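In: Next comes the sequence, and after it the predicted model I'd like to discuss.
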Amino acid sequence: MPRAHQKAAIYCRVSTLHQVDKDSLPMQRQDMINYAKYVLSIEDYEVFEDAGYSGKNTDRPAFQSMMERIEHGEFSHVLVWKIDRISRNLLDFATMYAQCKKLGVTFISKNEQFDTSTAMGEAMLKIILVFAELERNMTSERVTATMIARAADKQWNGGRVPYGYHYDKASKTFSIREDEAVVVRQIYDLYAKLKSLQYTADALNRDGLKTRRGYEWSAATCHIILSSPFYLGTLRYNYRDESEKTFSFKDKSEWVLVPNHHDPLVTQEQYDYCQYWLAKNAKRNGHQHAQRAHIHIFAGLIHCGYCGALMVASQGARHANDYRPSIYVCGSKRQHKNCPNKFTYDPEVGNFVFRYISNMIHLKAIFKPSMREQRIERVLTDGLPGLHIRDASSLSALRRMLLAQSDARTYFSTQEAPQKQNQKLMKEKTALLAEIRKQQRALSRLDELFLFADSPMPQKDYLLKKQQILDKIVACQEQLHRLRQDSIFTSTLSDEQFVFQASSLLLQKALQERRIDIQQLTADVGRPALKDFVGFVITSIVSKDGKVMEITFRNGMTHTFQYDA
């Protein structure tokens, strides 16, 4: 049924390669406004413009805004200069066109004279779009062939300069950047010893080392360096499958590998040894690991009571009831060092930790101001025979915390510093948001200057400046994300009673009823929930000869223990 009122959505798009040609925005805009007025007799229209966006997909702000308003029935016509202004991808255009047709919106391409209100116009439109996509694919193939030829000729095709190297644009050569090269060699040495990406990253972070952008190391960033043949002096190109939405590799027969392209940072033996363990770990962890079939609840938390090394987790023997605990062994012992510490496993450490936390929750429920440190210790060690809390100051600190809970004035004073910290975080976030808006305005002005200025800006200068602005926006967004994480972390940890909030988690019933059996908890709650909970409240655990000697909680409170002979 035709609309009583007709309104046209006029869509304009140019990429950075169409600055001054006949498809420029001012020309498109004015020509289609005249077409709407004098050919279609539509006086009511709205112009949507995307400047500097490619036609390979429809991920463009003005286009998305237009389609959203079309869905709400605001327009009767969509008018474009040429059909490839919408998209050069047949599937994207077909989706858009089907949506318009379903809503009864007429699509018109002014330049090709396609009016989809007629059967012939609709058929011709689809035929032309097929050839538009063919042209785009052929252009892409030509560009790819050229880039492959450049790589085979030992020329670098650009991108981020690998960590550990510097690139000289004048001579088009790579040289070693010694401050980063030291870290690269350390990564290879650590992985060769630890054979774990996460433990390698943890070791780097403990030493205070940062990535080029100032962030902490992760398993993923370590894997990139360990798996790249660039550190052997080999240039690799055409190895990524760009058609995939997620990172994947092409078949190795399609790779372009140029050995002896630049100075290496590691030897062939080092590289091959690390590749062997990367492949072995990937094969061992396979699809079951991807689904996290076996999670080590205390991995990354338990430290050796003798040498302080992180204890490494592995799967223990399967029990008759199919329960399979994790075993934790001193990391230095795995490196063939003589550490006398015995291993521990989930039942030993798990039953202790969850019982102790359950006792803390119970203590909070029964605490009275008249309760002294001796009584507090008895409550905390209930059900843990022969256990004593070695450091009396930790009991005093816990008592003060419990008093603060019942005394609003005291509690307020303990929260003053975290409140100031949150205010500081809020100011930093506000400043980052303001900077992001500022850079977005600068980007908009740059587009206008490039496209509409009387004296056009050189394309090279435009692209360089645009990339600088985008880099600033990305840096601010990343910093904002980190601050948001910090604010969530701070709001959780600033309350010294954080551990008592465990009663609101999945473990509420078991902990409150003090039914502590790690095997049963694993069956009832699941390893992921237990691991999340433990990581939420505990920073580290020290184990010595199978016994928990110390627990440090996320709020900085540390309890050390001793046992009867």
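Out: Thanks, I have it.
In: Count the neighbours of the closest residue to G386 other than its chain neighbours for me.
Out: Closest residue to G386 apart from its sequence neighbours, by CB to CB, 6 or more residues apart in numbering: D564 at 3.8 Å. C-betas here are computed from N, CA, C, even on glycine. For D564, the count of nearby residues is 7 (other CB atoms under 10 Å).
In: same deal with K333?
Out: 20.
In: and what of Q520?
Out: 12.
In: For the one helix or strand it maps to, list the C-alpha coordinates in CSV.
Out: For Q520, the host element (DSSP states H and E) is helix 518-525. What follows is helix 518-525, C-alpha atoms only, in CSV (Å, rounded to 0.1, in the frame of the first residue of the first chain):
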residue,chain,number,x,y,z
ILE,A,518,36.2,-30.1,47.6
GLN,A,519,35.2,-33.2,45.7
GLN,A,520,31.5,-32.6,46.4
LEU,A,521,31.8,-28.9,45.7
THR,A,522,33.4,-29.6,42.4
ALA,A,523,30.5,-31.9,41.5
ASP,A,524,27.8,-29.4,42.7
VAL,A,525,29.2,-26.1,41.6
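In: what does that helix contact?
Out: I297, Y323, P325, D346, P347, G350, N351, F354, L506, L507, A510, L530 (CB atoms under 8 Å, 6 or more residues apart in numbering).
In: For L398, give me the pLDDT.
Out: On the pLDDT scale, L398 is placed at 86.
In: got the contact list for F48?
Out: With CB under 8 Å, 6+ apart, F48 has these contacts: A9, I10, Y11, C12, A62, F63, S65, M66.
In: so of those, which ones are in strands?
Out: With strands taken from DSSP state E, the overlap with the contacts of F48 comprises A9, I10, Y11, C12.
In: Run a quick neighbour tally on the last one.
Out: Applying the criterion other CB under 10 Å, we find 23 residues in the vicinity of C12.
In: who does it bridge with?
Out: Applying DSSP bridges to C12 yields these beta-bridge partners: E49.
In: Tell me if Y167 really is in a helix.
Out: No. Assessed with DSSP: H, G, I helix; E, B strand; the rest coil, Y167 is strand; it does not lie in a helix.
In: Next one, pLDDT for the closest residue to it other than its chain neighbours please.
Out: Excluding the flanking residues, the one nearest Y167 by CB to CB, 6+ apart is V161, at 4.7 Å. Here, the pLDDT recorded for V161 equals 85.
In: Name the helix or strand for V161, please.
Out: Secondary structure (DSSP H and E) places V161 outside all helices and strands.
In: Give the burial count for it, as a bare number.
Out: 14.
In: swap in A320?
Out: 5.
In: can you confirm it is in a helix?
Out: No. Assessed by three-state DSSP, A320 does not belong to a helix; its assignment is coil.
In: Could you report the pLDDT at it?
Out: 82.
In: and it, how far is that from Q519?
Out: Distance of A320 to Q519, given as CB to CB, to the nearest Å: 12 Å.
In: do A529 as well
Out: 15 Å.
In: before we move on, the earlier item: and the helix holding Q520, which residues are buried?
Out: I518, L521, T522, V525 (16 or more other CB atoms under 10 Å).
In: In space, what's closest to the first one - neighbours in sequence excluded?
Out: By that I understand I518. G350 (3.3 Å).
In: Could you list which residues are in contact with that neighbour?
Out: So G350 contacts I297, F298, I518, L521, L530 (CB under 8 Å, 6+ apart).
In: Give me the buried positions along the strand or helix carrying it.
Out: Using DSSP H and E, G350 falls within helix 346-366. The neighbour-count check on helix 346-366 (16+ other CB under 10 Å) flags 346, 348-364 as buried.
In: Only the C-alpha atoms, please, for that helix, written as PDB.
Out: Output in PDB follows, covering the C-alpha atoms of helix 346-366 (Å, rounded to 0.1, in the frame of the first residue of the first chain):
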ATOM      1  CA  ASP A 346      43.100 -30.200  45.400                       C
ATOM      2  CA  PRO A 347      41.700 -32.100  48.400                       C
ATOM      3  CA  GLU A 348      44.600 -30.900  50.700                       C
ATOM      4  CA  VAL A 349      44.600 -27.200  49.700                       C
ATOM      5  CA  GLY A 350      40.900 -27.000  48.700                       C
ATOM      6  CA  ASN A 351      39.400 -28.400  51.900                       C
ATOM      7  CA  PHE A 352      41.600 -26.100  53.900                       C
ATOM      8  CA  VAL A 353      40.900 -22.900  51.900                       C
ATOM      9  CA  PHE A 354      37.200 -23.300  51.600                       C
ATOM     10  CA  ARG A 355      36.900 -24.300  55.300                       C
ATOM     11  CA  TYR A 356      38.900 -21.300  56.400                       C
ATOM     12  CA  ILE A 357      36.700 -18.900  54.200                       C
ATOM     13  CA  SER A 358      33.600 -20.600  55.600                       C
ATOM     14  CA  ASN A 359      34.900 -19.900  59.100                       C
ATOM     15  CA  MET A 360      35.400 -16.300  58.200                       C
ATOM     16  CA  ILE A 361      31.800 -16.000  57.000                       C
ATOM     17  CA  HIS A 362      30.600 -17.600  60.200                       C
ATOM     18  CA  LEU A 363      32.800 -15.200  62.300                       C
ATOM     19  CA  LYS A 364      31.200 -12.300  60.600                       C
ATOM     20  CA  ALA A 365      27.700 -13.600  61.500                       C
ATOM     21  CA  ILE A 366      28.500 -14.100  65.200                       C
END
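In: Do me a favour and average the pLDDT over that helix.
Out: Mean predicted lDDT for helix 346-366 stands at 90.
In: Give me the pLDDT for G316.
Out: Here the pLDDT value assigned to G316 is 86.
In: And V548, by the same measure?
Out: Reported pLDDT for V548: 95.
In: again with E141
Out: If you check E141, the pLDDT there is 57.
In: do the one 3 residues further on as well
Out: For T144, the pLDDT comes out at 52.
In: ok, back up a step: could I get the contacts of helix 518-525 in JSON lines, plus columns for distance to T381?
Out: What follows is these, written out as JSON lines (distance: CB to CB, whole Å):
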{"residue": "I297", "distance to T381": "22"}
{"residue": "Y323", "distance to T381": "27"}
{"residue": "P325", "distance to T381": "24"}
{"residue": "D346", "distance to T381": "21"}
{"residue": "P347", "distance to T381": "19"}
{"residue": "G350", "distance to T381": "17"}
{"residue": "N351", "distance to T381": "14"}
{"residue": "F354", "distance to T381": "14"}
{"residue": "L506", "distance to T381": "26"}
{"residue": "L507", "distance to T381": "20"}
{"residue": "A510", "distance to T381": "19"}
{"residue": "L530", "distance to T381": "22"}
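In: Go through those and say which is closest to P259.
Out: Set against P259, the nearest of the contacts of helix 518-525 by CB to CB is I297 (45.6 Å).
In: Number of residues surrounding that closest one?
Out: 25.
In: Kindly confirm my reading that it is in a helix.
Out: No. Per three-state DSSP, I297 lies outside any helix segment and is coil.
In: I figured it hits L530, correct?
Out: Yes. Using CB atoms under 8 Å as the test, I297 is close enough to L530 to be in contact (4.9 Å).
In: hang on, I436 in a helix?
Out: Yes. Assigned with three-state DSSP, I436 falls within a helix.
In: list the contacts for it?
Out: Contacts of I436 (CB under 8 Å, 6+ apart): I473, C476, Q477, L480.
In: And the average pLDDT for the host helix or strand of I70 is what?
Out: Taking DSSP H and E as the definition, one finds I70 inside helix 61-71. Helix 61-71 shows a mean pLDDT of 90.
In: So for that helix, what gets flagged as buried?
Out: Quick answer for helix 61-71 (16+ other CB under 10 Å): A62, F63, M66, M67, I70.
In: Also stretch 96-115?
Out: 96-97, 100, 105-112, 114-115.
In: Can you pick out the most distant pair from those?
Out: The span of the buried residues of stretch 96-115, defined through CB to CB, is set by V105 and N111 at 19.2 Å.
In: distance of T234 from L257?
Out: 6 Å.
In: how much distance is there from stretch 268-282 to the middle of the chain?
Out: Distance, stretch centre to chain centre, for stretch 268-282: 26 Å (CA atoms, centre = their mean, to the nearest Å).
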